[in-house]
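Colleague: Here's my sequence, what's the structure:
(chains A and B)
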Amino acid sequence: MRHKVHVATAMLSAAALLALAGCSTDPGVTPAGDATTAGAKATTTAAAVNWFDQALYTKQLAQRSVTPVGAASQPYLQTIDAKLVDTAKFKSPGAKKVCFANASISNPWRQTGWITMNQQLKVLKAAGVISGMETRDAQDKDDTQIADIDYFIADGNCDAFLISPNSTAALTPAVQRACDTGKPVVVFDRGVQTTCPVTFIHPIGGFAWGIDSAKFLIANLKKGDKVVALRISPGVDVLEQRWAGADKLFKEAGINAVDHFTGANPTEIKKIISDELAKGDVKGVWMDAGDGAVAAIEAFEDAGVPYPVMIGEDELSFLRKWKATNITALAPVYSNFQWRTGLLAIQKIFAGQKVPSEWVLPQSPITKAELDGYLAKNVGMPNGHYAKFGGEDLPGYPAVWQKRVMP
Amino acid sequence: MIQRTPGHRFARIGLTLISPRGAVFLLLFVLLVAITVINPHFAEPGQAIRFVQRVAPVAIVAIGQYFVIVSGEFDMSMGSLVTAQVVIAGNLVGQDDSRSIPVLLFMFAFGAAIGLVNGLITTLLRVPSFIVTLGMMLALLGGVLFWTGGSATGNPADGFRQIGRGGITGVPVLGIIPWSVLILGAVLAAAIWFSRQPFGRTLISTGDNLTTARYAGVRVWWVKTSAFMISSLSATVAGVLLVGYAGVHPSVGRGYEFIAITAVVLGGVALGGGRGWVVAAAAGAFALEALFTLLNFAGVPSTLRDAVQGVILILAVAYSSATFKRPGRLPSPKISPSPEKLPHPATDAVSTAPQSSSLSR
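Modeller: You can find the predicted model right below:
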């Protein structure tokens, strides 16, 4: 008897479990089309509202067509719309110690830049400008990087601070503390919410990426076509602005774009694309970074469907796949050579030369017409290398980048 | 089982389907139907076989984890071992197809060695396996970070990747039979065979009652170490498949240990050991992936997936422990074996011969 009661209870709970499973799935079935996409739209709109900055968007839209000042052979020293600041108070002879607080080298773009920076460092050491560079790698953690900066301030014996922030808001107070020491601070790549650094070096920016990439897709697609947007992770300004800019243009053009976070994990990317292909035709793929573009293209091959119009990056794995498959594609560029500009800015600051308070570097995508040229220039480079790395004039080229051993 | 009228049989099937061991099949069925309702394309043979291909690495990891869990231990190092193997394949094979076989052999040796270390430290030094394998997880991840800097390092030669990406093409109806599906079939068959061997039975009895097993003359250290080696080897197979399916990235394999444990628990295998069926564990992996696919199709944000996985784990464990009270251990006076009684591996494993499941017969 007792056993029967037991089994009955079991059956009841099983029914409940399945009913629960049923409830959580089935009601989702009918309104899936409208309710969930509406929900997704609502969240993306909310995100776009957070990250979309009309003034910045307009500024970057304009900067895309500005001819940069400076020699074209040295893009890492070119400037756009520069407002120069006086650095006479920092002028000082002799070799200086630089302290570099790095967010991480956890993606191919950062690794390429890190190599280039170390080769630039060798040049400046040989020239007697820099005595040495102490680097702390925060491994993508805000708290680690804050501790790194505070260590540099307290015990680093630094003459200048070079900071590549891990995230915008969290690192602002630490950067401010570094500025408060009165020593020059140079920030590059992701920004902070203070203007205290002597110069903030970055390419035009995320909105420019978003505009370039979205315009290309819109030009090559029809109204109503589906674009899958693959995004690495939320919350990083340079990445959020890429999506906010593109999303605005997709909406205006009537392109049906759905965004997913991938963590740059190729397994996830393949699953997402396969599922989206199972739902219906995918005409375009937008990415906020090219790391993983190859996995996305392979998903179309595996499914046996036509290639999409593709947005990648100037990473060689993508450029080579682009060439091999002859797809319609664009490689937006987030100029990797900014990694050497940081050290060159410090050189200028100690020499008392003026630098831009916001050092905007050129950023122009690689088009189909330029593809062969960049592939030829980078023969022998590993797949993780970035075509527009801008270090061809440095010692060790090309062997150092070909071996790709992290310094 | 003396009388078998059709009514009895239906009742038995019904009971089995709601028992923790059978529920996973029902759940899988419901999920697949729900997916097909949302998206009828999913049921097409070509799509379905692609789904099996996608689940294969997860299912293989779950099968490996099953052996460890059923012996009463945990293997938390599986995900990071998958990552390590993926990175090893990417870096050692490079663009040279001729290195495929030596590297493959090295990977299996490496996997077996990791399992051996996990097993020996757990059994001989008597460190809880949770801690040992957690330490192994960190050691492997640290090694990968040191080697790669945490970034992708380039895919191995296409020939090597064919194992996880390619298959027999030109098959009627299906279009393609991916190698990974065949490998999954082979691994599952081997696992079923293993479970039915004396080794498999000893493993379950060790997980059920260590003292009894010891008195019965079981070499506990060796049995458990073998389980760890099986799980590490299965993680190696999954790594080989994933490097083909997706490519090299330090995030490949991340979280696989949790997915595997969830799948195993979903398959009605008791955490703590002594009860379970390997086929149900593999079905658990399919159910879990089907659930994720359903969430994808229904447009549920991927940020919610972890929460869903956590809730399922809790529900499954709660369900499992609520239904399977062990008569031998609990003071429940009046339970006598009756013909209607569900097969009970917990007691069967020690007393008579373990029955894999009523479904398997």
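
Colleague: wait, isn't residue B:291 in contact with residue B:311?
Modeller: No. The pair residue B:291 / residue B:311 is not scored as a contact, 10.9 Å apart, by CB atoms under 8 Å. Where you see a C-beta, it was placed from the backbone N, CA and C, and this is true even at glycine.

Colleague: Those two: which is more packed in?
Modeller: residue B:291 (24 against 12; other CB atoms under 10 Å in any protein chain shown).

Colleague: Find the nearest non-adjacent residue to the more buried one, please.
Modeller: residue B:31 (5.7 Å; CB to CB, 6 or more residues apart in numbering or on different chains).

Colleague: Point out the residues in the stretch 151-300 of chain A that sit beside chain B.
Modeller: Proximity of the stretch 151-300 of chain A to chain B (CB under 8 Å from any CB of the partner chain) is limited to residues A:260-261, A:263-272, A:274-275, A:278-279, A:291-292, A:294-295, A:298.

Colleague: that older thread, where does the residue nearest to residue B:291 sit, in terms of helix or strand?
Modeller: Taking DSSP states H and E as the definition, residue B:31 sits inside helix B:20-38.

Colleague: which of the residues in that helix are buried?
Modeller: Judged by neighbour count using 16 or more other CB atoms under 10 Å in any protein chain shown, the buried positions of helix B:20-38 are B:20-28, B:30-32, B:34-38.

Colleague: near chain B, which residues of the stretch 301-407 of chain A show up?
Modeller: A:302-304, A:317, A:382-384, A:406.

Colleague: What is the lowest-pLDDT residue among those?
Modeller: Lowest in pLDDT among those is residue A:406, which has 84.

Colleague: nearest residue to that residue other than its sequence neighbours?
Modeller: residue B:149 is the one closest to residue A:406 (CB to CB, 6+ apart), at 4.9 Å.

Colleague: residues near the one you found, how many?
Modeller: Residue B:149: 21 neighbours (other CB under 10 Å).

Colleague: Need the pLDDT of it.
Modeller: Note on residue B:149: pLDDT of 70.

Colleague: go on, residue B:57?
Modeller: pLDDT at residue B:57 comes out at 96.

Colleague: Let me know how buried residue A:303 is, in neighbour terms.
Modeller: Using other CB under 10 Å, residue A:303 has 17 other residues around it.

Colleague: how about the one residue in the stretch 301-407 of chain A that gets nearest to chain B, phi and psi?
Modeller: Closest residue of the stretch 301-407 of chain A to chain B, CB to the nearest CB: residue A:383 (4.4 Å). Residue A:383 adopts backbone torsions of phi -60, psi -30, taken as degrees, to the nearest 10.

Colleague: Excluding sequence neighbours, find me the nearest residue to residue B:28.
Modeller: residue B:287 is the one closest to residue B:28 (CB to CB, 6+ apart), at 4.3 Å.

Colleague: and if you look at residue B:80?
Modeller: In space, residue B:80 is closest to residue B:140, 4.0 Å off (CB to CB, 6+ apart).

Colleague: For that neighbour, grab the count of nearby residues.
Modeller: By other CB under 10 Å, the residues close to residue B:140 number 22.

Colleague: ditto for residue B:198
Modeller: Neighbours of residue B:198 (other CB under 10 Å): 7.

Colleague: Report the separation between it and residue B:218.
Modeller: 10 Å (CB to CB, to the nearest Å).

Colleague: which helices and strands does the helix holding residue B:31 pack with?
Modeller: Secondary-structure packing of helix B:20-38 (3 or more CB pairs under 8 Å, 6 or more residues apart in numbering or on different chains; DSSP states H and E): helix A:2-29, helix B:6-18, helix B:278-297, helix B:305-323.

Colleague: average model confidence for that helix?
Modeller: Throughout helix B:20-38, pLDDT has a mean value of 86.

Colleague: any idea of the angle it forms with helix B:6-18?
Modeller: For helix B:20-38 against helix B:6-18, the angle by axes from the mean of the first three to the mean of the last three CA atoms, to 10 degrees is 80 degrees.

Colleague: returning to what we had before: surely the residue nearest to residue B:80 touches residue B:77?
Modeller: Yes. Taking contacts as CB under 8 Å, residue B:140 lies within contact range of residue B:77: 6.4 Å.

Colleague: so what sits against both of these two?
Modeller: residue B:114 (CB atoms under 8 Å, 6 or more residues apart in numbering or on different chains).

Colleague: which residue sits closest to residue A:95, ignoring its sequence neighbours?
Modeller: Nearest non-adjacent residue to residue A:95 (CB to CB, 6+ apart): residue A:131, at 3.8 Å.

Colleague: sec struct for the residue nearest to residue B:80, please.
Modeller: Secondary structure, DSSP: H, G, I helix; E, B strand; the rest coil: residue B:140 is helix.

Colleague: where's it relative to residue A:280, distance?
Modeller: The gap separating residue B:140 from residue A:280 is 40 Å, by CB to CB.

Colleague: Next: residue A:332.
Modeller: 26 Å.

Colleague: Of those two, which one has the most company?
Modeller: Between residue A:332 and residue A:280, counted using other CB under 10 Å, residue A:332 has the larger neighbour count: 26 against 11.

Colleague: and that one, backbone torsions?
Modeller: Dihedral angles of residue A:332 (phi, psi; degrees, to the nearest 10) stand at phi -60, psi 160.

Colleague: And for residue B:178?
Modeller: phi -60, psi 150.

Colleague: ok, which stretches of the stretch 301-407 of chain A are strands?
Modeller: A:309-311, A:329-330, A:355-356, A:358-361 (DSSP state E, counting those that start in this stretch).

Colleague: Check chain B too.
Modeller: Along chain B, counting by DSSP state E, strands occupy B:167-171, B:175-178.

Colleague: and of the ones you listed, who's closest to chain A?
Modeller: strand B:175-178 (7.6 Å).

Colleague: tell me how far the closest one is from the chain's mean position?
Modeller: From the chain centre to the centre of strand B:175-178 is a distance of 23 Å (CA atoms, centre = their mean, to the nearest Å).

Colleague: Before I go, just wanted to say thanks for your time.
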